[in-house]
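Sequence first, then the predicted structure:
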Amino acid sequence: MDAPTAVHREVRPSSGTGIGTPGGTARPWVLLAFAILAPVVAALLLTPWRDRLAAADNALILVVVIVAVATSGHRWAAAVCAISSALSFDFLLTRPYGSFRISRTSDLVTEILLLVVGLAVGDLATRGRTHRVAAWQGRRHLAVLHHVTGMVAGGRDPDELVREAGQELSRLLGLRSCTFCRDETGVAARLEPDGEVRLGAVAWSTDDLGLPHRGVDLPLRSAGRILGHFVLRPVPGTRVPHESLAVAVDVADQVGAVLAGRARTADA
């Protein structure tokens, strides 16, 4: 059977929330607004009871708000929320009310502890979420490799293999589309065998910048030969970890090996 001859085959992800988290991530400005305003709202809700509740009780409630923000996985958001909580506690919940002055030493100590504990709890929550995300990514990587390896071992038709591998790459990397073509793509950025994206001689930091918006060429290699290309079109601003790119290279190599085998069969 001949290897696939389609010049272009576009594959769009069927679903997904992006790279890096099991459930997606809020936009930074939304998260920043929430980190600043949530403690203020919580302190305002506590004002009717500020003369009945102890300062420590009010501080603990604000710590809960900090933890909620920290679950976003952004340490900076937890820090902003901790500072906003300390200021809200000072202005709304300590005497004299409506002022950043503090008349009692115990309230000052409570405010300092709120800030320190808030920062520490936020850091711990962020670390915990980072570990959970890393574990989720590891399971996702194994699932992708298992699926593609199963298709290769099952002798799938090359056209079907290319299509499904493109779908897996789209989901894995959070792509807008994944296009297969036989010939050179003309795309300047290339995903190298070591999992690095290079734009000419420059190494592109996908952890910070995501994939180049004009696309990335992922060659399908076998025994030193290039048998085709996946063109990876990213969603702008979607960060992609190096580990995911290394898995993408493994997927392309498996597809390349199948295309090489079918080409040899066709030539025989």
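Received, thanks.

use CA for all of it now, contacts and neighbours both
Will do.

For the nearest residue to Gly195 once chain neighbours are set aside, give me its contacts.
Leaving out its chain neighbours, the residue that sits closest to Gly195 by Cα to Cα, 6 or more residues apart in numbering is Ala246, at 4.5 Å. Contacts for Ala246 (Cα atoms under 8 Å, 6 or more residues apart in numbering) come out as Pro193, Asp194, Gly195.

Give the helix, strand or coil label for the second one.
It refers to Asp194. coil (DSSP: H, G, I helix; E, B strand; the rest coil).

where does it land on pLDDT?
In the prediction, the pLDDT value recorded for Asp194 is 94.

which residue sits closest to it, ignoring its sequence neighbours?
Per Cα to Cα, 6+ apart, closest to Asp194 is Ala246, 6.8 Å.

Helix or strand: which one has that neighbour?
helix 242-267 (DSSP states H and E).

average model confidence for that helix?
On average, helix 242-267 scores 90.

Compute the number of surrounding residues for Leu191.
Other residues near Leu191 come to 23 when the count uses other Cα atoms under 10 Å.

What of Val64?
Neighbour tally, Val64, other Cα under 10 Å: 15.

ok, it to Gly98 distance?
23 Å (Cα to Cα, to the nearest Å).

What's the first helix or strand after the least confident helix or strand in the chain by mean pLDDT?
Taking mean pLDDT, DSSP states H and E as the measure, the helix or strand of the chain with the lowest value is strand 9-11, at a mean of 54. Remark: after strand 9-11, the chain's next helix or strand is helix 28-46, criterion DSSP H and E.

quick one: buried residues of that following helix?
Across helix 28-46, burial judged by 16 or more other Cα atoms under 10 Å covers 31-32, 34-40, 42-44, 46.

Low-confidence bits of the stretch 1-150 of the chain, can you list those?
1-26 (pLDDT under 70).

can you give me the helices for it?
Under the criterion DSSP state H, counting those that start in this stretch, the stretch 1-150 of the chain contains helices at 28-46, 55-70, 75-93, 105-153.

Out of the ones you listed, which is the most enclosed?
Mean neighbour counts were compared across the helices of the stretch 1-150 of the chain using mean count of other Cα atoms under 10 Å; the top stretch is helix 75-93, at a mean of 24.

list the buried ones in the helix holding Ala246?
Those would be 242, 244-260, 262-263, for helix 242-267 by 16+ other Cα under 10 Å.

the inter-axis angle of it versus helix 105-153?
10 degrees (axes from the mean of the first three to the mean of the last three Cα atoms, to 10 degrees).

For the remainder of this discussion, apply numbering that starts at 634.
Sure, I'll start numbering at 634, so the last one becomes helix 875-900.

to the chain's geometric centre, what's the distance from helix 875-900?
Its chain's average C-alpha position is 26 Å from that of helix 875-900, according to Cα atoms, centre = their mean, to the nearest Å.

How about stretch 688-696?
32 Å.

And the contacts of that stretch?
By Cα under 8 Å, 6+ apart, stretch 688-696 touches 672, 675-676, 679, 683, 715, 718, 722, 726-727, 740, 743-744, 747, 750-751.

swap the cut-off to 10 Å and go again
If you take Cα atoms under 10 Å, 6 or more residues apart in numbering as the criterion, stretch 688-696 is touched by 671-673, 675-676, 679-680, 682-683, 698-699, 701-702, 714-715, 717-719, 721-722, 726-727, 739-744, 746-748, 750-752, 754-755.
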